[in-house]
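Q: Let's see this in three dimensions:
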Amino acid sequence: MATEDTSRHLKIIAGADSFGCALKDTLVTHLRSLNIDVEDLGTDKYYIAGEEVGRRVSSAANTNSSVEIRGLVACGTGVGVGMFANKFPGVYAATCLTPSDALNARSISNCNVLAVSGMSTSPDSAIEILDTWLNTPFKSPCPASGSKPWPPEINDFLDNSIHEMSKIGVESNKENDKNEENSIDPCFLCCLAKNREFTPIEIMPGGHMKVIRETPTSAIVRFEAGSVEPAHHHTFGHDLVVLKGSKRVWNLSKGKKYDLGVGDYLFTPAGDVHRVKYFEETEFFIKWDGHWDLLLDEDLATANAAIEKEI
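A: Numbering: from 1, shown residues only. The predicted model follows:
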């Protein structure tokens with residue numbers, strides 16, 4: 001495998017939430033043992049770590065500095081922090097659970113923010129993933145290429161892909177601002193779901209879902225104002241980000257509640273029983289670690305009675 005020279009001018013901006021802080025600390029120590037400059041932003045809320053690292057890497061991408069700036073983020077799954085980092089132009093964050101993931105992410109997408117899972121990845125595995133990410137040049141042979149050099153036509157595509165990605169969501173015609181039907185949707189997730197239909201969630205009155213991908217499942221979900229999700233659980237854990245509206249989630253297994261608005265992120269572990277109230281029409285993006293299922297733990301009348309006492 002071709003390797004990059006880690007003695008070059010390289011700086012890593014690192015951050016994590018409470019679920020990923022221990023793994024982040026291990027990787028920061030490893031980076032410093034390699035004499036790589038690291039700025040450790042510490043531990044913060046679910047989304048702030050990814051947001052701040054993304055902002056810093058994005059800002060650096062727009063300068064002519066001789067120092068290459070990359071990011072390292074960690075949370076429970078590695079998904080949430082990566083999603084928030086990717087909100088910024090010039091940031092190509094990827095959640096990597098194996099060295100092969102890191103090889104592909106660097107080779108194909110020139111990944112400049114590595115996202116890791118504090119709940120699924122051991123320290124030794126994470127160090128191997130990090131070393132692979134550090135030492136893999138863009139366009140190098142990787143598992144996706146059969147570990148062989150990319151053919152010329154793919155090489156040309158990769159050369160142009162980063163530049164083309166930077167155009168996604170940018171208006172090329174200012175007149176489109178006046179015509180909502182013809183305007184370019186600035187949200188990548190909304191673009192994916194734009195031509196898909198919401199279907200009712202029969203087990204949850206007031207709920208509708210657009211499935212974007214199956215197993216692992218990702219979807220955009222909409223609930224009407226005033227809707228209630230009775231206590232339930234899922235076989236797999238899930239991440240969600242609120243796109244519109246507001247909701248309250250009671251994690252009954254942990255005895256905690258979360259008030260979520262636009263931009264807020266929440267991870268619910270597999271098997272945790274939770275109940276939800278929607279204060280206004282609400283949409284959110286959600287990703288399960290496996291297939292989607294929903295197992296009720298109470299009926300709607302019981303849920304409404306419990307929420308009425310709480311609120």
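Q: What mean pLDDT does stretch 71-78 get?
A: If you average the pLDDT over stretch 71-78, you get 94.
Q: CA atoms only: put it into PDB for me.
A: Only the C-alpha atoms of stretch 71-78 are listed here, as PDB (Å, rounded to 0.1, in the frame of the first residue of the first chain):
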ATOM      1  CA  GLY A  71     -10.300  16.500  11.800                       C
ATOM      2  CA  LEU A  72     -10.900  13.600  14.200                       C
ATOM      3  CA  VAL A  73     -14.400  13.200  15.800                       C
ATOM      4  CA  ALA A  74     -15.800  10.500  18.000                       C
ATOM      5  CA  CYS A  75     -19.300   9.700  19.400                       C
ATOM      6  CA  GLY A  76     -21.200   6.600  20.400                       C
ATOM      7  CA  THR A  77     -21.600   5.400  16.800                       C
ATOM      8  CA  GLY A  78     -19.400   7.900  14.900                       C
END
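Q: Figure out how far it is from the centre of its chain.
A: In terms of CA atoms, centre = their mean, to the nearest Å, the centre of stretch 71-78 is set 9 Å apart from its chain centre.
Q: do the same with stretch 303-311
A: Worked out by CA atoms, centre = their mean, stretch 303-311 lies 32 Å from the chain centre.
Q: again with stretch 213-233
A: With CA atoms, centre = their mean as the basis, stretch 213-233 stands 18 Å off its chain's centre.
Q: With only the CA atoms kept, save that stretch in PDB.
A: Output in PDB follows, covering the C-alpha atoms of stretch 213-233 (Å, rounded to 0.1, in the frame of the first residue of the first chain):
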ATOM      1  CA  ARG A 213     -32.200   3.300   2.400                       C
ATOM      2  CA  GLU A 214     -33.000  -0.200   3.600                       C
ATOM      3  CA  THR A 215     -30.900  -2.200   6.100                       C
ATOM      4  CA  PRO A 216     -29.200  -0.300   7.700                       C
ATOM      5  CA  THR A 217     -32.300   1.800   7.400                       C
ATOM      6  CA  SER A 218     -32.300   5.600   7.000                       C
ATOM      7  CA  ALA A 219     -35.400   7.700   6.600                       C
ATOM      8  CA  ILE A 220     -37.100  11.000   7.000                       C
ATOM      9  CA  VAL A 221     -40.000  10.900   9.400                       C
ATOM     10  CA  ARG A 222     -42.800  13.400   9.900                       C
ATOM     11  CA  PHE A 223     -45.200  13.600  12.800                       C
ATOM     12  CA  GLU A 224     -48.300  15.900  13.100                       C
ATOM     13  CA  ALA A 225     -48.400  18.500  15.900                       C
ATOM     14  CA  GLY A 226     -49.800  16.900  19.100                       C
ATOM     15  CA  SER A 227     -48.900  13.300  18.100                       C
ATOM     16  CA  VAL A 228     -47.600  10.900  20.700                       C
ATOM     17  CA  GLU A 229     -45.400   7.800  20.200                       C
ATOM     18  CA  PRO A 230     -46.400   5.300  23.000                       C
ATOM     19  CA  ALA A 231     -43.500   3.700  24.800                       C
ATOM     20  CA  HIS A 232     -41.600   1.400  22.500                       C
ATOM     21  CA  HIS A 233     -38.200   0.000  21.700                       C
END
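Q: Just the mean pLDDT for it, thanks.
A: For stretch 213-233, mean pLDDT is 91.
Q: Tell me how many other residues surround the closest residue to Glu298 other than its chain neighbours.
A: Residue nearest to Glu298 in three dimensions, not counting chain neighbours: Ala231, with 4.4 Å by CB to CB, 6 or more residues apart in numbering. Quick note: C-beta positions are derived from backbone N, CA and C, even for glycine. Around Ala231 there are 19 other residues, counting by other CB atoms under 10 Å.
Q: Please apply the same query to Pro99.
A: The burial count for Pro99: 17, using other CB under 10 Å.
Q: did I read that right, Leu27 in a helix?
A: Yes. The assignment for Leu27 by DSSP: H, G, I helix; E, B strand; the rest coil puts it in a helix.
Q: which element is the nearest residue to it once chain neighbours are set aside on?
A: Of all residues not flanking Leu27 in the chain, Leu130 sits nearest, at 5.4 Å (CB to CB, 6+ apart). Here Leu130 sits within helix 123-135, counting by DSSP states H and E.
Q: Could you identify the helix or strand that succeeds that helix?
A: Criterion used, DSSP H and E; the element after helix 123-135 is helix 152-165.
Q: Secondary structure class of the residue nearest to Glu298, three-state.
A: For Ala231, the assignment made with three-state DSSP gives strand.
Q: pretty sure it contacts Ala305?
A: No. When contacts are counted by CB atoms under 8 Å, Ala231 is not listed as touching Ala305 (11.7 Å).
Q: which strands and helices sit next to the lengthiest helix in the chain?
A: The helix that spans the most residues within the chain, counting by DSSP state H, is helix 46-61. Using 3 or more CB pairs under 8 Å, 6 or more residues apart in numbering; DSSP states H and E, the elements in contact with helix 46-61 are strand 10-16, strand 37-43, strand 68-75, helix 79-85, strand 113-117, strand 265-268.
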